[in-house]
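Enquirer: below are the sequence and a predicted model; questions follow.
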Amino acid sequence: MERIKTGIFGLDELTEGGFPAGRSVLVSGACGTGKTIFSMQYIYKGAKDYNEPGVYVTLDERPDLIREDVMRFGWDLKKLEDKNLINIVDGSIAKLGMPSEEEFSLPVTGYDVDKLLLEIMRVIKRIDAKRAVIDSIPALGFNFENSNEVRKAILKVSYMLMRCGVTSILVSEIQEGVNKFGKYGVEEYVVDGVIVLHYMGVGTQSNRTLHIRKMRATKHSEDLHPMEIMNQGIKIHKIEEEYNEV
Ligand SMILES: Nc1ncnc2c1ncn2[C@@H]1O[C@H](COP(=O)(O)OP(=O)(O)OP(=O)(O)O)[C@@H](O)[C@H]1O
Ligand SMILES: [Mg+2]
């Protein structure tokens, strides 16, 4: 099976070489666990190191703030956007009914998921993207009480991404201590892989961990791996590794 290198330091060796090509992986965690950095690293490294164009759909955070934040890691998104190796689709303020200054965004009138999906497809085709991220699924604004409806909607999103031929990350959120891997408790069944990020918030070290909960067609690590946000991005440690060494 073809694998897509994640660009997350230390992760590919835990998953037989990366994400299964053409599939969707759910990246889930509570607030501040690093989901946005993780998925932007996937897009940035994909473009920079592997020459694979990527589309980042942001529904929570404004693109200009993301660009600014990840400069901390030395990731110059603008430069790759100018080369059409990265496109950011702004769905963040269309939801509020405000115009966006971004090149790729939704019309102000009448936000709806189907319009957003069309725009995502258009941008994916435009740069012939191999990677895509949707940050986040709950922010798509499914307003359904009915978990069957939500399941259908999420299936639609992941089917659309599969049809476009991209390998994608869907970001979702979970509350610590609740036995669900996505907000709705259905995302995890629809996708091919589930990665959960944890933040313990105690002590000074080792308080972030990553767990590969499932990865279809892959013999993956089942351990809780220490995760570190370093100057150059996220690094996943092996559990036997001396944490201070690297
Ligand atoms: N340069 C940095 N070095 C170390 N840690 C950082 C750095 N920048 C951010 N962080 C950590 O990462 C966290 C933010 O990560 P990120 O935005 O990816 O989280 P998230 O899971 O997407 O959060 P949310 O659910 O709010 O969207 C910060 O709260 C901080 O703890
Ligand atoms: Mg985020």
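Expert: Looks like it arrived, so ask away. These figures come from a predicted structure and were not determined experimentally. Numbering: from 1, shown residues only. Ligands and ions are numbered 1, 2, ... in the order given.
Enquirer: any idea how far Ala47 lies from ligand 1?
Expert: Per CB to the nearest ligand atom, to the nearest Å, Ala47 is found 18 Å from ligand 1. From N, CA and C alone the C-beta is placed, and that goes for glycine too.
Enquirer: any idea how many residues pack against that residue?
Expert: Neighbour count for Ala47, taken as other CB atoms under 10 Å: 27.
Enquirer: contacts only, for it.
Expert: Pro53, Gly54, Leu80, Leu85, Ile86 (CB atoms under 8 Å, 6 or more residues apart in numbering).
Enquirer: ok, 10 Å please
Expert: By CB atoms under 10 Å, 6 or more residues apart in numbering, the contact set of Ala47 is 7, 53-54, 75, 77, 79-81, 83-87, 127, 129-131.
Enquirer: so what's the closest residue to Gly185 other than its chain neighbours up against?
Expert: In this structure, Gly185 finds its nearest non-sequential neighbour in Ser147, 6.8 Å apart by CB to CB, 6 or more residues apart in numbering. By CB under 10 Å, 6+ apart, the contact set of Ser147 is Tyr184, Gly185, Val186.
Enquirer: please produce a ChimeraX select command covering the buried subset of those residues.
Expert: Selecting only the buried entries of the contacts of Ser147 in ChimeraX, with 16 or more other CB atoms under 10 Å as the criterion:
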select :184,186
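Enquirer: of the contacts of Ser147, which is the nearest to Gly22?
Expert: Distances from Gly22 to the contacts of Ser147, taken as CB to CB, are shortest for Val186 (21.4 Å).
Enquirer: surely that closest one and Asn148 touch.
Expert: Yes: between Val186 and Asn148 a contact is recorded at 8.3 Å, counting by CB atoms under 10 Å.
Enquirer: now the contacts of Ala47: which count as buried?
Expert: For the contacts of Ala47, a neighbour count by 16+ other CB under 10 Å gives the buried set as 7, 53-54, 75, 77, 80-81, 85-87, 127, 129-131.
Enquirer: need the pLDDT of the closest residue to Lys125 other than its chain neighbours.
Expert: Excluding its sequence neighbours, the residue lying closest to Lys125 (CB to CB, 6+ apart) is Cys164, at 7.3 Å. Looking at Cys164, its pLDDT is 97.
Enquirer: count the residues that sit near Cys164.
Expert: Look at Cys164: counted by other CB under 10 Å, it has 19 neighbours.
Enquirer: and what of the one 10 residues further on?
Expert: Counted by other CB under 10 Å, the residues lying close to Ile174 total 22.
Enquirer: and the nearest residue to it once chain neighbours are set aside, helix, strand or coil?
Expert: Nearest residue to Ile174 in three dimensions, chain neighbours excluded: Ser28, at 5.1 Å (CB to CB, 6+ apart). Using DSSP: H, G, I helix; E, B strand; the rest coil, the structure places Ser28 in strand.
Enquirer: from now on call the first residue 28
Expert: Sure, I'll start numbering at 28, so the last one becomes Ser55.
Enquirer: need the contact list for the residue nearest to Lys152.
Expert: Listed by CB under 10 Å, 6+ apart, the contact partners of Cys191 are Gly49, Val82, Ile147, Met148, Val150, Ile151, Lys152, Asp155, Ala156, Lys157, Ala159.
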